[in-house]
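Undergrad: what shape does this take:
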Amino acid sequence: MKRLLILIALIGITSAKYYPNALFADVSGVASNDTLSVRVKPNWRSRKITELPPNAYVGVDECVKTGRSTWCRVHAVNRNLGQYLEYNDKLPGWVNARYLKFSSRGYVAVNGKKNSCDYAIGCKNGKCRVVIDEIMKNGEVTAIKSKTYPRSVLTGIGEMDILFDYGSEDATEGYPCGRLSFKINDYLSKHTSSFSSAKSAAKGFLKALQSQNLSKIKSFIHPKYGIYITGDIHFAGYNIKFSRKRFAKFYNSPKEFVWGSDYGKGDPIKMSLRKMMHLKLPLNRVSKITPLPKLKYFKAIKGYTLKGFEFFWNGTGKAPEFNWRGADIIMAKINGKWYAVGFLWNRWTI
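TA: Numbers count the residues shown, from 1 in each chain. Just a heads-up that it's a prediction; the model follows:
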């Protein structure tokens, strides 16, 4: 019975999946004069089929744990304009994951279809965001279209030009999409928020408002879905939608908009967009941040994860509890990035 339990435990460990987001890996932690052994099976006693030098770049199929070690099945990928490496024709094989540095960015084949320019830009929880189209202007990527795929349907191809057959063994040529990786990464560095959570993204949006830097503010507004702004106490009332382009058009314009009505007096709230969005209160004086749990009044964005937060600034004077200010921000997760899709000033004054 004891042996049976041990066998069941070992089977459970071996069948478990590890590093579910890895598409590629560099050989790391191997001495400059040493190599990493590639074996037929995920076991150090298994027959060695080839060796990988330090910094070798490979694709990752899967990783499993055997005993106390984790092993990954790796395959050959393209690098540096199709440069042939001596170990390519001897892969795939298994290597110890201890000596791999994993990555989830590079060109991939979706369901085995290699003749494409699909470029994975990140994986999380077994799902990967893949660029399937780009818009170019003056030689630069100005917009991308992405799609989320299960990691299980993707195979890493490489990072540079992709070679494929037009019908003859000799009729292969470089597929130019590989060279776009530099331009895609440059676009992402300029336009993709580094914030990993809705709350930190909301803080970043407020920081951009305080700086009055239009370029930074625009980076938090989705080009299609835009942002809804109101002066009322919730989004069920009067609000105005601004696309990213429309926001930029009116941010420095003196044109005044009616944003709703004053909650206490009932007078119309009329001012320019820049004045409406100007954050005069210092961020280091925010007393608390409270999640907006239901968001039942915000029905503008459907089909995406929404999270809302209210930022509070304590009041001053003899009755600060009746003289506070708040900013309500609704964030939407679209294609892996959090955008500000709703904004209002909340306040209580006497």
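Undergrad: name the spans of the stretch 251-350 of the chain whose pLDDT lies under the cut-off.
TA: When the per-residue scores of the stretch 251-350 of the chain are filtered using pLDDT under 70, the ranges that remain are 263-266, 296-297, 315-324, 347-350.
Undergrad: oh sorry, the question was meant for the chain
TA: Counting by pLDDT under 70, the chain shows low-confidence ranges at 1-17, 79-84, 115, 159-179, 189-196, 236-237, 263-266, 296-297, 315-324, 347-350.
Undergrad: quick one, domains of it?
TA: When the chain is parsed with automatic domain parsing, its domains come out as 2-191, 198-348.
Undergrad: wasn't I329 part of a strand?
TA: Yes - assigned with DSSP: H, G, I helix; E, B strand; the rest coil, I329 falls within a strand.
Undergrad: thought it was touching K307?
TA: No - between I329 and K307 there is no contact, the gap being 9.2 Å when judged by Cβ atoms under 8 Å. (Glycine included, C-beta is placed from N, CA and C.)
Undergrad: hang on, the earlier thing: redo the domains of the chain as CSV? Include mean neighbour count.
TA: Below are the domains of the chain laid out as CSV (neighbours: other Cβ atoms under 10 Å):
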stretch, mean neighbour count
domain 2-191, 16
domain 198-348, 16
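Undergrad: the helix or strand containing I289 pairs with which strands, parallel or anti?
TA: Using DSSP states H and E, I289 sits in strand 286-292. When sheet partners are counted by DSSP bridges, strand 286-292 sits next to strand 305-313 (antiparallel).
Undergrad: can I get the CA coordinates of the partner strand in CSV?
TA: The C-alpha atoms that make up strand 305-313 are tabulated as CSV, following Å, rounded to 0.1, in the frame of the first residue of the first chain:
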residue,chain,number,x,y,z
THR,A,305,-13.9,43.6,-17.2
LEU,A,306,-14.7,46.8,-15.3
LYS,A,307,-13.3,48.0,-12.0
GLY,A,308,-14.1,51.3,-10.4
PHE,A,309,-12.4,53.3,-7.6
GLU,A,310,-13.2,56.5,-5.7
PHE,A,311,-10.2,58.5,-4.5
PHE,A,312,-10.9,60.7,-1.4
TRP,A,313,-9.3,63.9,-0.3
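Undergrad: can you give the contact residues for that strand?
TA: Where contact means Cβ atoms under 8 Å, 6 or more residues apart in numbering, the residues beyond strand 305-313 that reach it are 198-199, 202, 206, 281, 285-292, 295, 298, 324-333, 338, 341-342, 346.
Undergrad: isn't there a helix covering F205?
TA: Yes - looking at F205 with three-state DSSP, it is inside a helix.
Undergrad: would you confirm that it contacts I329?
TA: Yes - between F205 and I329 there is a contact at 6.3 Å, judged by Cβ under 8 Å.
Undergrad: now for the two: what residues contact both?
TA: If you check F205 and I329 against Cβ under 8 Å, 6+ apart, the residues they both contact are A340.
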